[in-house]
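K.L.:
only geometry, no sequence info:
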Ligand code: GAL
């Protein structure tokens, strides 16, 4: 009888241990299963298995460490700027919150660029009050890509309203530019050149007569392409692109680059940045937010390749799943 009881106890213990092992290894493998593709609009978890909370931001590549950093609005608590790191653009490790917004009522669309000369990471962002009427640019700095970033200033550039922003750094001259949705509640976009240390906007600041939000900029064969969304808050709308020979304009307006955009809503997304993927020829990554009508922390991402056609048009096609093998590696 005693033996029978001991055996039952032993088998129950072994069963429990096995169950614990199986469930924990399942959770582990779910959290660590490496991704090998982008799946636009799908669930995108970080390397710990949590939803990536990094909206309206941008990606940079740090050559020394061969690491990508993705910055964005952390819309969960505490709110501020999120930072994730990756070696391959698919798998992202949470580097934590790199700037807590604290007293800032609205902190949106952070974009980080690296000042190689002064070894300074500079973050520009949309600084506002809850009614979006302060309409300023904010700037913060850090000596490390993973922060902490410290706010240095916030103001209206040359007296103009500023809300959604895009950024572009010219690879040869290292000059940096901010495209910002500006006066009369985003009726136009202005382009401002930054000082050499990227800490201030200069007086080179023009109305480029583009409408309206979420500006993303790329350059191919000497031509600038500016992608913008319409102005409908968290609800997606059809995008428009513009081209120019000079980043300061004049710009020519074209149509909606989203091909087969049946919902007329940029594949249910709003542009936040265009990242030129290093190491590949003409590899432009469209980064868009799927706000799901509310700008909540669980908003999703639509990342797609941007094609510039032989005739010089911009096209963005839908892919359920895609990876970097669709680009041609650049010769070293
Ligand atoms: C959008 C803008 C977002 C956010 C939102 C607030 O148009 O692109 O960044 O400001 O409005 O409603």
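P.N.:
On my side now, so go ahead. As the structure is a computational prediction, the values presented were derived from the model and not from experiment. Numbering: from 1, shown residues only.

K.L.:
C-alpha only now, for contacts and for neighbours.
P.N.:
Will do.

K.L.:
please, where are all the helices along the chain?
P.N.:
Chain-ordered helices for the chain, with DSSP state H as the definition, fall at 2-32, 183-186.

K.L.:
what's in contact with the shortest one?
P.N.:
If you take Cα atoms under 8 Å, 6 or more residues apart in numbering as the criterion, helix 183-186 is touched by 160-163, 211-213, 231.

K.L.:
change it to 7 Å
P.N.:
For helix 183-186, the external contacting residues (Cα atoms under 7 Å, 6 or more residues apart in numbering) are 160-161, 212-213.

K.L.:
of the residues you listed - the most surrounded one?
P.N.:
Counting neighbours by other Cα atoms under 10 Å, residue 213 comes out on top of those with 29 neighbours.

K.L.:
so who does the closest residue to it other than its chain neighbours touch?
P.N.:
Excluding the flanking residues, the one nearest residue 213 by Cα to Cα, 6 or more residues apart in numbering is residue 229, at 5.1 Å. Taking Cα under 7 Å, 6+ apart, we find residue 229 in contact with 212-214, 237-240, 270-271.

K.L.:
just the buried ones from these?
P.N.:
Buried subset of the contacts of residue 229 (neighbour count, 16 or more other Cα atoms under 10 Å): 212-214, 237-240, 270-271.

K.L.:
pick out the lowest-pLDDT one from these.
P.N.:
Across the set of those, residue 212 stands lowest in pLDDT, at 87.

K.L.:
is it true that that one touches residue 233?
P.N.:
No: under the criterion of Cα atoms under 7 Å, residue 212 makes no contact with residue 233, lying 11.3 Å away.

K.L.:
so residue 35 is in contact with residue 91, correct?
P.N.:
Yes: Residue 35 sits in contact with residue 91 when judged by Cα under 7 Å, with a separation of 5.9 Å.

K.L.:
neighbour count: those two, which is higher?
P.N.:
Legend: neighbour count by other Cα under 10 Å for residue 35 and residue 91, higher for residue 91 (20 against 16).

K.L.:
got a pLDDT number for that one?
P.N.:
Per-residue pLDDT puts residue 91 at 98.

K.L.:
now for it: which residues touch it?
P.N.:
If you count contacts by Cα under 7 Å, 6+ apart, residue 91 has them with 34-35, 46-47.

K.L.:
bridge partners for residue 61, pull those for me.
P.N.:
residue 68 (DSSP bridges).

K.L.:
could you count how many residues lie near it?
P.N.:
21.

K.L.:
measure the closest residue to residue 125 other than its chain neighbours to the ligand for me?
P.N.:
Nearest non-adjacent residue to residue 125, counting by Cα to Cα, 6+ apart: residue 110, 4.3 Å away. When Cα to the nearest ligand atom, to the nearest Å is the yardstick, residue 110 and the ligand sit 10 Å from each other.

K.L.:
next one: residue 217
P.N.:
Between residue 217 and the ligand the distance is 16 Å, computed by Cα to the nearest ligand atom.

K.L.:
then residue 305?
P.N.:
In terms of Cα to the nearest ligand atom, residue 305 sits 21 Å off from the ligand.
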